[in-house]
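[1] Everything below, folded, please.
(chains A and B)
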Amino acid sequence: MFRQLLAVALLFGLAACQLPKDPENTTQTVQGAVLKVGLLQDPLPQIDLTAVTLIADALNAKVEWHRENTHRMLDALEIGDLHLLAGGIPEDSPLTDHAGATNPIGYVTIGADRPERVLLLRRGENQFLMRANMALRPLTREAKQ
Amino acid sequence: MNRYPPLPPEISDKIAQARRLEWWTLFWLMTIIVVMFLVMGSSQAMQAAWIEDTLSLLPPILFLVAARLERMPPSAKYPFGLHRIGTLAFALSAAALTLMGGYLVYDAAVTLIRQEHPTIGSMELFGTEVWMGWLMVGALVYSIIPPVILGRKKLAIAPDIQDKVLHADADMNAADWKTGVAGILGLIGISMGFWWTDAVAAGLIGLDILKDGGRNLRISVAELLDGAPRKLGSDEMQDLARRVRKGVDGAPMVKLREAGRYLHVVIGDDESLLPNPERAKELVGEEDAWRVVTLSVASGKKPL
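    Here you go, the predicted model:
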C-alpha cells in the first residue's frame, strides 16, 4: 500500500509544475490581462509598488489600482473582484484571517515591532500564490538576509 | 511488596515487550511531531494533524505510567494498592481518542460551512519554488509508517496481556495513519483545485475515529462502574462467570469485575457482605454508619 501511495505521490510530484491549481482560476484570469490591486496606503510605499510590479510583469498583466474603504476592498478580494491588497501589511495582520499572504517582501515598523511585510490575495488560490511568491523571490531573499 | 499473585513469566515478558513498544511509539511520535511542525506553516489542515499527533502521545504515556504503578504495594493513602490505575488509564485513553475524532469532525464541518479555501504557500528550495503542499505530503507519508507498524505489533500483544490501554493505543495508531492518508488525499485534491477535499477526507476519517473512541468509552464506562468484564475492543461480555460457575459445586452466584487486566471474583450470595447496622455503628460510629454498604472480614487463612 505504501509503495502505491509513494508512487502516487511521486506522480503528482512530477506533475508539480502544473500543480497546484486555483479553485477560482485567478492566475488564468490575470495572465496577459489586468491585475486589480487594492491600496491600503496611498501613496503606495516603494517596496509594495516594486512587489506589485514584479507580480504584474511575471504574469504579463497591466496593473489597475483601486482605492476604497478597506472592508469593501477585503470583500472584493474574497470574491475575486480584486486580486491583491498592498500597502504596509504585516504578516500578523487580522486581515490574514480572511485572505492568503505572500512570502515576505520586507518589514513593517509598527511601534517597537517589526513584523514581516506581505501582500494579500484571495484564499485558496494556491497557483496564484505560488506564481506571486516566485516573482517576489528577490524581495524575499533580501528580507530573509 | 504487592499483594497480587506473581505474574506468569510469559505474561511479564509480554508486558515488558509492550513497554518497549510504547517507548518506541513515544520516540517515533516525537520525530513525527517535529517534522510536521517544520512544514505545517499556517495550514489549518496540517495544524489539525499536528494537534492529533500530539494528542496521540497520551495513550502510550498512560500505558507506561499504569504498567509501572499497577502492582505498587498498598499504602495508607491507597490501602488497596493502585490496581485500578489500568481502568483510569483506559478511560483517559478512550477520552483522548474520542476527543481526537470529535475535533477532526468539528474542524472539517467548520471549514466546509465557512467554505474556507485552504491557502498553502510555497518556498524557495535549492533554487526552485516548491509548493509547501508537496513538503506536507512528504511529512505525512513519513507520519503514517511508524503507527502502522507499531499498531499491528500492539494488537498482537494486547489480547495476551488483556490490556485495554494498549488496545486503545493501537486504535489511536490506526487513527494516526488514517488521518495521515486522509491528509495526503486532501492535499492532492487541493493541488488539483478542489478546496473541499481536505475537509471531506478529514471529516470522514474523524467520524471513523469518533466511532472507535465511542466504543472504547462505552467499555471504559462499564469497567468504571464495575460492569462484568468485556471483551477486548468490544462491548460484549466475556464468558468468564460461566467458566467460574462450572468449577464450583451447586451453581452458586458468581460475580466478576475487572480492574485493568486483573479480575476480582466473588463466589456465593454476597448478601452475607451486607453489614449489620448495629455492627456498623460500633465500627465506624453513629454518623458514618449509613455509609458502610459491604463488610467483609478476611479470615487470615491461606487462600482457597
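
[2] What segments of the stretch 51-200 of chain B are helices?
    B:58-69, B:85-113, B:132-161, B:164-191, B:197-224 (DSSP state H, counting those that start in this stretch).

[3] Quick one: closest of the ones you listed to chain A.
    Chain A lies closest to helix B:164-191 among the helices of the stretch 51-200 of chain B, at 4.1 Å (Cβ to the nearest Cβ). The C-beta positions use only the backbone N, C-alpha and C, and glycine is treated the same way.

[4] which parts of the closest one are buried?
    By neighbour count with 16 or more other Cβ atoms under 10 Å in any protein chain shown, helix B:164-191 contains the buried residues B:164-191.

[5] That helix to helix B:85-113, inter-axis angle?
    Compare the direction of helix B:164-191 with that of helix B:85-113 by axes from the mean of the first three to the mean of the last three Cα atoms, to 10 degrees and you get 20 degrees.

[6] Give the helix, strand or coil label for the residue in chain A positioned nearest to chain B.
    Nearest residue of chain A to chain B, counting by Cβ to the nearest Cβ: A:Gly124, 2.3 Å away. Under DSSP: H, G, I helix; E, B strand; the rest coil, the three-state class of A:Gly124 is coil.

[7] Test my guess that it contacts B:His117.
    Yes - in this structure, A:Gly124 is within contact of B:His117 by Cβ atoms under 8 Å, at 2.3 Å.

[8] Please enumerate the shared neighbours of those two.
    Overlap of the contact sets of A:Gly124 and B:His117 (by Cβ atoms under 8 Å, 6 or more residues apart in numbering or on different chains) consists of A:23-24, B:195.

[9] Okay, buried residues for stretch B:285-292 please.
    By 16+ other Cβ under 10 Å, the buried positions in stretch B:285-292 come out as B:289, B:292.

[10] just the shared contacts of A:Gly124 and B:His117 now: which is nearest A:Gly106?
    Nearest to A:Gly106 among the shared contacts of A:Gly124 and B:His117: A:Glu24, at 27.9 Å, using Cβ to Cβ.

[11] if I look at the closest one, how far off is B:Ala175?
    Separation of A:Glu24 from B:Ala175 (Cβ to Cβ, to the nearest Å) stands at 33 Å.

[12] And B:Ile15, by the same measure?
    In this view, B:Ile15 and B:Ala175 are 24 Å apart by Cβ to Cβ.

[13] Repeat that for B:Met46.
    Separation of B:Met46 from B:Ala175 (Cβ to Cβ) stands at 16 Å.

[14] cool, and B:Asp212?
    From B:Asp212 to B:Ala175 the distance is 7 Å (Cβ to Cβ).

[15] which residues are common contacts for those two?
    Residues touching both B:Asp212 and B:Ala175 (Cβ under 8 Å, 6+ apart) are B:97, B:101.

[16] sorry, back to before: which of the helices of the stretch 51-200 of chain B has the highest mean neighbour count?
    Counting by mean count of other Cβ atoms under 10 Å in any protein chain shown, helix B:164-191 has the highest mean neighbour count of the helices of the stretch 51-200 of chain B, with a mean of 26.

[17] Residues contacting stretch A:51-59, please?
    By Cβ under 8 Å, 6+ apart, stretch A:51-59 touches A:27, A:30-32, A:35, A:37, A:44, A:62-63, A:84, A:86, A:102, A:105, A:119, A:131-132, A:134-136, A:138-139.

[18] Okay, buried residues for it please.
    Buried, per 16+ other Cβ under 10 Å, within stretch A:51-59: A:51-52, A:54-56, A:59.

[19] near chain A at all, the lengthiest helix in chain B?
    Scanning chain B for the longest helix, with DSSP state H as the assignment, gives helix B:9-40. No - using Cβ under 8 Å from any Cβ of the partner chain, helix B:9-40 stays clear of chain A, coming no nearer than 14.1 Å.

[20] who are the neighbours of that helix, in terms of helices and strands?
    For helix B:9-40, the packing partners by 3 or more Cβ pairs under 8 Å, 6 or more residues apart in numbering or on different chains; DSSP states H and E come out as helix B:44-55, helix B:58-69, helix B:132-161, helix B:164-191.

[21] can I get those helices in JSON lines with distance to B:Val200?
    Below are the helices and strands packed on helix B:9-40 laid out as JSON lines (distance: least, Cβ to Cβ, whole Å):
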{"stretch": "helix B:44-55", "distance to B:Val200": "11"}
{"stretch": "helix B:58-69", "distance to B:Val200": "27"}
{"stretch": "helix B:132-161", "distance to B:Val200": "16"}
{"stretch": "helix B:164-191", "distance to B:Val200": "8"}
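
[22] Least confident of the ones you listed, on average?
    Among the helices and strands packed on helix B:9-40, helix B:44-55 carries the lowest mean pLDDT, a mean of 80.

[23] okay, the angle between that helix and helix B:164-191?
    Using the same axes, to 10 degrees: helix B:44-55 against helix B:164-191 is 170 degrees.

[24] starting at the chain centroid, how far to helix B:44-55?
    From the chain centre to the centre of helix B:44-55 is a distance of 19 Å (Cα atoms, centre = their mean, to the nearest Å).
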